[in-house]
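> I'd like to go over a predicted model; first the sequence, then the structure.
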Amino acid sequence: MCTSILYTAGDHYFGRNLDLEVSFGQEVVVTPRDYPFDFRKMPTLNHHYAIIGMALVKDNYPLYFDGANEEGLGMAGLNFAGLAHFSPVEDGKDNVSPFEFIPYVLGQCKDVAEAKKLLTNLNLVNINFSDQLQLSPLHWLIADRQGASIVVESTQSGLHVYDNPVGVLTNNPEFPSQMTNLANYQSVSPADPVNTLMPKKELKTYSRGLGSHMLPGGMDSESRFVKECFTLHNAPAGGSELENVTNYFHCLHAVEQQKGLDEVAPDTFEYTIYSDGINLATGTFYYTTYENNQINAVQMHNVDLDAKKLAQFPLVKEQVINNQN
Ligand SMILES: C[C@H](CCC(=O)NCC(=O)O)[C@H]1CC[C@H]2[C@@H]3[C@H](O)C[C@@H]4C[C@H](O)CC[C@]4(C)[C@H]3CC[C@]12C
């Protein structure tokens, strides 16, 4: 499972938890402006916006899991198993495979409004990257540095682009169903509850935090969607980049999966392999890994964005303990 968010605190911060039982060997990858993006059915993009994000580089092709471009448009692919449907190539359509979708959008669009325009003739097609790396059943969260966000889902009933008023995406069910389910949790609150159960009787509160007693806490995607909406929309805005980044990672880590809690096969557990976030205004990309709670950063503009080669930063996976004596 995965969770992706857009946190607003002066600047906008975008990223995700990647929850899975196996690692693909992903790293932080910057694709400079003149690094050609070849597409199977669309013309090559020889010049495009530079992109920073988490990717697996295969045969010199950056297979992005999530990322953002130099204009502050971000995008993340999350599992949408059993519901994602990718079609055959159709003449007259913009035929793009899911593995090309992040470079296709981030390479050309500076904000959500431009992305929406680009998507009007899109057909997400069932073309594998290779026999070894077949299509993943994904849906996507796209967000920009003005705070707009949309969800893109390609299902049996066609391509759907939804405005996302909450800035959160997890996995199944479809986005509109997740939004409908939220209504069940409207009374969840950081404040003490008001006794509407028996208004004329006194009920003593026995604990702090009772306003969130009904908040779901399961690993499943519906529970994480509700929990993250509550966490994100009650998170304070910090007064500095350091405070904002700290708050941002608390929001993501609130729904992280620890090893041992989500068994996907006998004795095999999905866990939060990494959490990442980019300040969409400055291009600083931050991440933590399961093994290393320290926040690491790669600043996109410290890389030569006119270079000819990809810039690759292997993840720092070693735990760092600040020994005080
Ligand atoms: C499985 C995860 C999504 C995490 C998630 O939701 N997990 C588990 C669950 O819910 O079951 C997705 C997100 C991005 C995906 C990768 C990217 O799309 C890039 C690449 C695309 C190729 O078609 C397949 C491999 C490859 C490398 C994908 C493998 C599966 C990834 C890593």
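On my side now, so go ahead.
> Up against the ligand, what does the stretch 51-200 of the chain have?
Applying C-beta under 6 Å from any ligand atom, one finds that the stretch 51-200 of the chain approaches the ligand through 56, 63, 65, 77-79, 81, 99, 129, 133, 135-136, 138, 171. Quick note: C-beta positions are derived from backbone N, CA and C, even for glycine.
> Out of the residues you listed, which two sit at the greatest distance?
Using C-beta to C-beta, the two most remote members of those are 129 and 171, lying 21.3 Å apart.
> With adjacent residues omitted, what lies nearest to the one residue in the chain that gets nearest to the ligand?
Residue nearest to the ligand within the chain: residue 79 (2.8 Å; C-beta to the nearest ligand atom). The shortest distance from residue 79 to any non-neighbouring residue, by C-beta to C-beta, 6 or more residues apart in numbering, is to residue 171 (5.0 Å).
> sorry, back to before: from the residues of the stretch 51-200 of the chain next to the ligand, which is closest to residue 2?
Looking across those and measuring by C-beta to C-beta, the closest to residue 2 is residue 78, at 4.3 Å.
> ok but the closest one is inside a strand, no?
Yes - under DSSP: H, G, I helix; E, B strand; the rest coil, residue 78 falls within a strand.
> From residue 15, how far out is it?
12 Å (C-beta to C-beta, to the nearest Å).
> Neighbour count for those two, which is higher?
residue 15 (33 against 26; other C-beta atoms under 10 Å).
> ok, the more buried one - contacts?
Shown in contact with residue 15 (C-beta atoms under 8 Å, 6 or more residues apart in numbering): 4-5, 66, 74, 76, 248, 252, 275-278, 286-287.
> again, but for residue 241
Going by C-beta under 8 Å, 6+ apart, the list of residues near residue 241 reads 11, 279, 282, 284.
> Which parts of the stretch 201-325 of the chain are helices?
221-233, 241-253 (DSSP state H, counting those that start in this stretch).
> of the contacts of residue 241, buried ones?
For those, a burial check counting by 16 or more other C-beta atoms under 10 Å picks out 11, 279, 284.
> From those, which land in strands?
Under the assignment DSSP state E, the buried ones among the contacts of residue 241 contribute 11, 279, 284 to strands.
> bridging residues for the last one?
Per DSSP bridges, the residues bridged to residue 284 are residue 279, residue 299.
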